[in-house]
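In: Starting from these lines, generate the structure:
(one chain, ligands or ions: 1)
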Amino acid sequence: MDIQITGLCRSFGRVAALRGVDLTVPGGMFGLLGGNGAGKTTLMRVLAGVLAPGAGRVSVGGHDLASRAGRLAVQRRLGYLPQDLGLYPDLSPREFLDYVALLKGLDDTAARRRQVGELLDMVGLTEVAGRRIKGFSGGMRRRVGIAQALLGDPALLVVDEPTAGLDPEERVRFRTLLAGLAGRRTVLLSTHIVEDVAQTCHDAAVLAAGRVVYTGSVAELVRTGEGATWEVRTAGAPPTVGVVVSAVSRADGTVYRVVSEVPPAPDATPVAPSLEDGYVALMQRHTSAPPSA
Ligand SMILES: Nc1ncnc2c1ncn2[C@@H]1O[C@H](COP(=O)(O)OP(=O)(O)OP(=O)(O)O)[C@@H](O)[C@H]1O
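Out: Okay, the predicted model is just below:
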């Protein structure tokens with residue numbers, strides 16, 4: 001289910017959260033990156049029909065979100081995992097999913113139970129399906145969250161910061177689960193964890209201050225860091241030019257990885273960029289460019 005967004009604006013009082021977003025999401029798994037306050041959650045909430053769009057046009061699977069009929073049509077085919085999904089701690093995942101399925105209008109008891117069972121299986125919670133959610137780890141709770149979003153087999157899955165706060169093992173497991181879901185549906189993954197996008201998405205967009213500053217392939221975003229990623233070995237002070245993205249301390253000094261348009265030190269060595277380097281280079285160029293109207 002493709003998404004076409006043109007000139008989308010959305011404000012909260014005097015705060016302009018989205019300031020003319022133009023974006024096309026073709027399908028498959030698509031990453032939406034951006035720092036705190038960039039507008040990611042606002043965009044997700046507009047797409048999920050939780051917030052009405054301000055100015056601009058948003059079309060999802062050919063349905064225009066400006067009309068109530070369009071929003072309803074999209075909501076029927078959309079699953080949403082918000083950043084702060086409230087789970088009922090005293091329910092088991094089976095009870096919780098059954099409850100959400102009822103709210104979503106799955107009235108046929110046998111079909112509902114079958115679907116809940118299949119989803120519990122898909123997210124790897126069958127063995128704990130009868131236990132109370134309150135004893136679950138962060139990763140298990142997110143898996144309950146993704147299962148509720150998948151009720152009704154939506155063609156579009158909108159997932160907001162799903163791996164924040166998870167330990168590395170849970171994070172890897174959760175993002176692999178998401179990537180597997182993208183086979184036959186569109187998954188829009190909003191995150192500020194660059195590595196999650198690097199490992200799961202072919203295409204991505206970057207939001208900054210309510211605008212799209214990059215949209216295209218992840219490989220191309222990595223290339224933004226080419227010629228601007230360096231290593232500096234020193235026993236002295238850290239480089240003051242560019243952005244230090246990592247510092248590995250060793251017995252003979254520290255190796256700094258630096259993103260900078262110019263060599264950050266006379267003996268700096270150019271290195272191949274990662275997605276994080278490309279992202280930092282993009283943000284650097286964006287913030288040093290004169291503001292557009
Ligand atoms: N309900 C609201 N009322 C007032 N301001 C809001 C509201 N929601 C978002 N904002 C503001 O809009 C801007 C964009 O916020 P948003 O939550 O969309 O960004 P984000 O990219 O998701 O950030 P984060 O990664 O921190 O969640 C911020 O300045 C935020 O303070």
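
In: what pairs with Arg257 across the strands?
Out: Per DSSP bridges, the residues bridged to Arg257 are Glu231, Ser246.

In: show me what contacts Ala228?
Out: Residues near Ala228 by CB atoms under 8 Å, 6 or more residues apart in numbering: 242, 259-261, 273, 277, 281, 284. Placement of C-beta: from N, CA and C, glycine included.

In: a markdown table please, covering these and showing neighbour count.
Out: As requested, these are exported to a markdown table (neighbours: other CB atoms under 10 Å):
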| residue | neighbour count |
| --- | --- |
| Gly242 | 24 |
| Val259 | 24 |
| Ser260 | 20 |
| Glu261 | 13 |
| Pro273 | 24 |
| Asp277 | 26 |
| Ala281 | 26 |
| Gln284 | 18 |
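
In: now, among those residues, which is nearest to Leu18?
Out: Gln284 (22.8 Å; CB to CB).

In: what secondary structure does the residue most central in space within the chain sit in?
Out: By CA atoms, centre = their mean, the chain has its centre lying nearest to Ser190, at 1.7 Å. Recorded secondary structure, Ser190: strand (DSSP: H, G, I helix; E, B strand; the rest coil).

In: Tell me the pLDDT of it.
Out: On pLDDT, Ser190 comes in at 94.

In: What of Leu32?
Out: In this model, Leu32 is scored at 97, pLDDT.

In: and the closest residue to Ser92 other than its chain neighbours, how many neighbours?
Out: In space, and not counting its chain neighbours, Ser92 is closest to Gly130: 5.0 Å by CB to CB, 6 or more residues apart in numbering. For Gly130, the neighbour count with other CB atoms under 10 Å is 10.

In: what's the answer for Arg142, then?
Out: If you count neighbours by other CB under 10 Å, Arg142 ends up with 27.

In: ok, and what's touching the helix or strand hosting it?
Out: Under the criterion of DSSP states H and E, Arg142 resides in helix 138-150. Contact with helix 138-150 is made by 79-81, 85, 87, 93, 96-97, 100, 119-120, 122-125, 128, 133, 136, 157-159, 162-163, 165-167, 169-171, 173-174, 177-178, 181, as judged by CB under 8 Å, 6+ apart.

In: Over to stretch 183-193?
Out: So stretch 183-193 is in contact with 1-3, 25, 27-36, 40-41, 43-44, 47, 154-164, 171, 178-179, 181, 196-197, 200-201, going by CB under 8 Å, 6+ apart.
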